[in-house]
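[1] got a predicted structure plus its sequence, pasted below:
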Amino acid sequence: MLKKIKVSYKILLMICAVALPLVAWTIFATVNGTTKDINLTRQEMKGIAFQRPLQALLVTLPQHKWLAQAAARGDVAARTTVLEKEVEIDQAFADLEAANLKYGADLLFTDAELAKRKRQGNDPRSVKSAWQELKQTQSTLSPADLTEQHRKLITAVRTMITHAGDSSRLTLDPDLDSHYLVDATLVTLPRTLDRLGVITGYGTDLLRGEKDKIQPKELAQLVAYAALLQQGDVDRLNADVEIALNEDSGFYGLSDSLQRNLTAPLQAYDASCQDLIGLLQKAAADPSSVTAEAFQTAGRQARSAALDLWKTSAGELETLLATRVVAKSKT
């Protein structure tokens, strides 16, 4: 039969025999790659959702520490306010438990996976248990022990944020606009919230005491905190946002909401941090020129602005990821 077929037809058959499997494989690889990209993007979105209650805890836990310390000093108003703050923290842990129920397995928040990464004990159930114990024993703790227990909780919260970022593959995001928003929401702003808590507590305690007894090394620490906040937080965050905005048009089209919505919260964040930096520098030069109350208020406003910026940035990051899913689904 083959002998009766013209040579040209034989060549065509040979080409088809070779080409068709390659075409089929190319189509399969393209579809499989697209599906993988979509699944990875959806995994990133789970990591963002898991972070929301964790970011709230970075703000409320330091506030609880200051209120508990004030209540221990006999501040009547603080005794009421600390109970209100505990309700707020309890709600954040309830939200975290809900997120863990929905996404925890996918984000590897299991004893085995956490232990593999030397993060055992940094899961929602264990950290909530530590919080409940702190609530019950806080009245018996010394100021130093109270500070230490809050520090451990905050460290655990930051570890969970890191784990959620790793396991969701947020740290491997491939597009420049979303990549730099990941850096802002996963690295820079959580660190800023933590640092602002430390700075606010340190400065308030220092300025509440006898100012003529403040040591030069304590004043130097205020200067160091001002430099860290400016260079390590404000400058880096502004660079993250600037690159995200500049690179946005190169990936799935320009996001109007990204360009529009980040400006106001970024300006509020910058302004509040500059106010706090100014007070740090002013207090370092003359401690008597800054009251503890003014310093604490500035710290509170900076933390509030940082959290607002995180919420907006996370929302815009989710929008970019959703746009990517839609675009990939059409290919």
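    Cool, the structure landed. The structure presented is a predicted model; accordingly, all values stated were derived computationally and were not measured.
[2] use CA for all of it now, contacts and neighbours both
    Noted.
[3] quick one: the helices in the stretch 1-150 of the chain, in order.
    Using DSSP state H, counting those that start in this stretch, the helices found in the stretch 1-150 of the chain span residues 7-72, 76-103, 111-116, 124-137, 143-167.
[4] lowest average pLDDT across the ones you listed?
    Confidence, taken as mean pLDDT, is least for helix 7-72 of the helices of the stretch 1-150 of the chain (a mean of 76).
[5] which residues touch Gly278?
    Gly278 makes contact with Ala226, according to Cα atoms under 8 Å, 6 or more residues apart in numbering.
[6] 10 Å instead?
    Ala226, Ser272, Ala284, Ala298 (Cα atoms under 10 Å, 6 or more residues apart in numbering).
[7] what about it, helix or strand, and which?
    Using DSSP states H and E, Gly278 sits within helix 263-285.
[8] and the average pLDDT for that helix is what?
    97.
[9] buried residues in it, which are they?
    By neighbour count on 16 or more other Cα atoms under 10 Å, the buried set for helix 263-285 is 265-266, 268-270, 272-277, 279-284.
[10] before we move on, the earlier item: could the contacts of Gly278 be laid out in CSV, adding distance to Trp310?
    Below are those laid out as CSV (distance: Cα to Cα, whole Å):
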residue, distance to Trp310
Ala226, 21
Ser272, 15
Ala284, 30
Ala298, 18
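[11] distance of the nearest residue to Met45 once chain neighbours are set aside relative to Lys65?
    If the residues on either side of it in the chain are set aside, Met45 comes closest to Glu318, at 6.3 Å by Cα to Cα, 6 or more residues apart in numbering. Distance, Glu318 to Lys65, by Cα to Cα, to the nearest Å: 32 Å.
[12] try Leu170
    Computed as Cα to Cα, the Leu170 to Lys65 distance reads 31 Å.
[13] let me know whether Ala130 touches Gln149 as I believe.
    Yes: with contacts counted by Cα atoms under 10 Å, Ala130 reaches Gln149, the gap being 8.7 Å.
[14] show me where the stretch 201-331 of the chain dips below the pLDDT cut-off.
    Under the criterion pLDDT under 70, the flagged ranges of the stretch 201-331 of the chain are 331.
[15] the same query, at a cut-off of 80, please.
    Within the stretch 201-331 of the chain, the stretches with pLDDT under 80 are 330-331.
[16] what number of residues lie near the nearest residue in space to Ser139 that is not next to it in sequence?
    Nearest in space to Ser139, with sequence neighbours left out and distances taken as Cα to Cα, 6+ apart, is Ala72 at 7.2 Å. Look at Ala72: counted by other Cα atoms under 10 Å, it has 18 neighbours.
[17] ok, the nearest residue to Asp240 once chain neighbours are set aside - contacts?
    Nearest residue to Asp240, sequence neighbours excluded (Cα to Cα, 6+ apart): Tyr180, at 5.1 Å. Listed by Cα under 10 Å, 6+ apart, the contact set of Tyr180 reads 171, 173, 186, 237, 239-245, 247, 317.
[18] so which strand or helix has Tyr180?
    Per DSSP H and E: helix 176-182 holds Tyr180.
[19] so how far is that helix from its chain's centroid?
    13 Å (Cα atoms, centre = their mean, to the nearest Å).
[20] how far away is Asn122 from Leu54?
    Asn122 is 12 Å from Leu54, where distance means Cα to Cα.
[21] got it, and Ala244?
    24 Å.
[22] and Leu219, by the same measure?
    If you measure Leu219 against Leu54 using Cα to Cα, the figure is 32 Å.
[23] compare the two (neighbour count), which wins?
    Using other Cα under 10 Å as the criterion, Leu219 and Leu54 rank with Leu54 on top: 24 against 19.
[24] how far away is the more buried one from Tyr202?
    For Leu54, the distance to Tyr202 (Cα to Cα) stands at 23 Å.
[25] you'd agree the residue nearest to Met45 is up against Glu44?
    Yes: shown here, Glu318 and Glu44 form a contact pair, counting by Cα under 10 Å, at 8.7 Å.
[26] those two: which is more packed in?
    Between Glu318 and Glu44, counted using other Cα under 10 Å, Glu44 has the larger neighbour count: 26 against 21.
[27] that one and Ala164 touch, don't they?
    Yes: counting by Cα under 10 Å, Glu44 touches Ala164, with 9.1 Å between them.
[28] which residues do the two both contact?
    Counting by Cα under 10 Å, 6+ apart, the shared contacts of Glu44 and Ala164 are Leu107, Leu170, Thr171.
[29] ok, how many other residues are close to Asp286?
    For Asp286, the neighbour count with other Cα under 10 Å is 12.
[30] who are the contact partners of it?
    Taking Cα under 10 Å, 6+ apart as the criterion, Asp286 is in contact with Lys211, Leu219, Leu280.
[31] give me the angle between the helix or strand harbouring Leu196 and helix 263-285.
    Per DSSP H and E, Leu196 falls inside helix 189-208. Calculated by axes from the mean of the first three to the mean of the last three Cα atoms, to 10 degrees, helix 189-208 forms an angle of 30 degrees with helix 263-285.
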